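In: how would this look folded up:
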Amino acid sequence: MVNGYRAPAISAIGLRKSYGEHVVLDGIDIEVGEGTIYSLLGPNGAGKTTTVQILSTLIGADAGEVRVGGHDLAADKRAVRACIGVTGQFAAVDELLTGRENLLLMGDLHHLPRKTSTGLAGELLERFDLVDAADKTAGTYSGGMTRRLDLAMTLVGDPRVIFLDEPTTGLDPRSRRTMWAIIRGLVDEYGVTVFLTTQYLEEADRLADRIAVLDRGRIVAEGTADELKRMVPGGHIRLRFADRTRLDAAALALGQTARTLSSGEEFTLAVPSDGGVAALRAVLDRLDDSHIEIEGLAVHTPDLDDVFLTLTGHSTDKETAA
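Out: All right, here's what the predicted structure looks like:
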């Protein structure tokens with residue numbers, strides 16, 4: 001840290017990658033703060049896996065500057081590899097070995113003393129709820145157990161930056177939520193930085209501190225989930241009133257953009273809004289100036305599917321692999 005400035009855990013400027021005439025990454029910029037979860041959201045074929053492969057030293061970029069963990073990727077790949085862990089779409093688990101043996105093998109690959117590896121394996125098996133299956137062959141594990149073991153193996157090297165490339169692909173909803181809790185815990189409890197790629201909108205919404213929307217090799221938007229949702233139309237403040245008289249008065253006070261949503265005994269009004277505090281305060285102040293009481297309110301914002309559809313013209317979960 002220099003003069004209060006903390007270097008990002010990951011930074012990439014002008015990252016480009018092509019295969020022949022097919023442009024996979026078209027000059028993207030990325031900055032990931034330490035101890036945060038950054039999600040690269042996009043459909044299959046958008047360039048997510050290529051980005052992870054470049055940042056984790058697996059393949060080279062055609063152009064761009066990259067630093068990971070404070071190290072220049074082009075100048076010192078060894079230092080970058082020493083501070084990162086990678087879990088891909090397909091588990092790197094040896095199905096012929098037990099869960100414990102897989103972890104001990106990773107310890108050997110990191111040149112750890114066997115006593116250290118044994119103790120670490122025990123800790124990781126407990127942390128990832130694999131104690132009962134520790135001495136069963138990994139080939140007998142469920143998909144969720146295999147994913148947990150794969151992530152546990154990544155942690156043997158004590159990485160400060162972890163790349164998770166679509167880590168919950170193919171998992172059932174319950175296993176997916178278990179993985180989410182584990183990933184969030186790595187950041188909150190251990191301070192690691194997670195770079196997560198996903199095509200699951202809910203996953204990015206639940207986990208990420210910041211989200212970049214990647215489409216056809218370009219980042220088309222970046223921000224927190226709430227910031228992205230406020231970028232597209234459809235958000236509104238829904239106001240509920242006790243009776244028709246108050247509803248009509250509010251509609252008059254708020255102008256032509258307000259829409260009546262009342263049906264039966266429900267007297268509600270929708271006012272277009274980006275969902276921000278300033279917009280909400282402005283609506284409430286206008287009602288207060290007109291001495292109109294409300295019974296309740298709710299802020300409705302578009303979801304990430306709306307964001308992606310608006311920005312790219314297609315949805316993530318309906319896109320086929322390129």
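
In: state the next helix or strand along the chain beyond the lowest-mean-pLDDT helix or strand in the chain.
Out: The weakest-scoring helix or strand in the chain, judged by mean pLDDT, DSSP states H and E, is strand 259-260 (a mean of 70). For strand 259-260, the following helix or strand on the C-terminal side (DSSP states H and E) is strand 267-272.

In: just how off-centre is that next one within its chain?
Out: 32 Å (CA atoms, centre = their mean, to the nearest Å).

In: stretch 40-49 too?
Out: 12 Å.

In: how about stretch 142-149?
Out: That offset, for stretch 142-149, works out to 20 Å (CA atoms, centre = their mean).

In: now do the buried residues in that stretch.
Out: 144-149 (16 or more other CB atoms under 10 Å). Using the backbone N, CA and C atoms, a C-beta is placed for each residue, glycine as well.

In: out of those residues, who's nearest residue 21?
Out: For the buried residues of stretch 142-149, the minimum distance to residue 21 (CB to CB) is 35.9 Å, reached by residue 147.

In: which helix or strand contains the closest one?
Out: Going by DSSP H and E, residue 147 is part of helix 143-155.

In: show me the strands in the protein, by range?
Out: Along the chain, counting by DSSP state E, strands occupy 10-19, 22-32, 37-41, 63-68, 71-72, 84-87, 161-165, 193-198, 210-215, 218-223, 236-241, 259-260, 267-272, 296-300.

In: got the contact list for the nearest residue to residue 306 once chain neighbours are set aside?
Out: Sequence neighbours aside, residue 232 is the residue nearest to residue 306 in space, at 5.4 Å (criterion: CB to CB, 6 or more residues apart in numbering). For residue 232, the contact set (CB atoms under 8 Å, 6 or more residues apart in numbering) comprises 302, 306-307, 310-311.

In: pLDDT wise, what is residue 232 at?
Out: pLDDT, residue 232: 71.

In: how far away is it from residue 282?
Out: 20 Å (CB to CB, to the nearest Å).

In: same thing with residue 307?
Out: Taking CB to CB, one finds residue 307 at 24 Å from residue 282.

In: which one's more surrounded, the two?
Out: Taking neighbours as other CB atoms under 10 Å, residue 307 and residue 282 compare with residue 307 leading, 27 against 15.

In: excluding its backbone neighbours, what's nearest that one?
Out: Among residues not flanking residue 307 along the chain, residue 228 sits closest, at 4.8 Å (CB to CB, 6+ apart).

In: who are the neighbours in contact with the one you found?
Out: Contacts of residue 228 by CB under 8 Å, 6+ apart are 211, 213, 221, 304, 307.

In: ok, now with 10 Å
Out: 41, 204-205, 210-213, 221-222, 301-304, 306-308, 310-311 (CB atoms under 10 Å, 6 or more residues apart in numbering).

In: swap in residue 187?
Out: Residues in contact with residue 187 (CB under 10 Å, 6+ apart) are 35-37, 162, 193-194, 207, 209.

In: and which of the residues you listed is nearest to residue 59?
Out: Nearest member of these to residue 59, counting by CB to CB, is residue 162, at 18.5 Å.

In: count of residues packed around the closest one?
Out: What residue 162 shows, counting by other CB under 10 Å, is a neighbour count of 24.

In: ok, now how distant is it from residue 269?
Out: Using CB to CB, residue 162 is found at 47 Å from residue 269.

In: could you do residue 252 as well?
Out: 11 Å.

In: distance of the closest residue to residue 290 other than its chain neighbours from residue 272?
Out: Nearest residue to residue 290 in three dimensions, chain neighbours excluded: residue 253, at 4.3 Å (CB to CB, 6+ apart). The gap separating residue 253 from residue 272 is 15 Å, by CB to CB.

In: likewise residue 302?
Out: 12 Å.

In: residue 25 against residue 52, yeah?
Out: No - if you go by CB atoms under 10 Å, residue 25 and residue 52 don't touch, sitting 11.2 Å apart.
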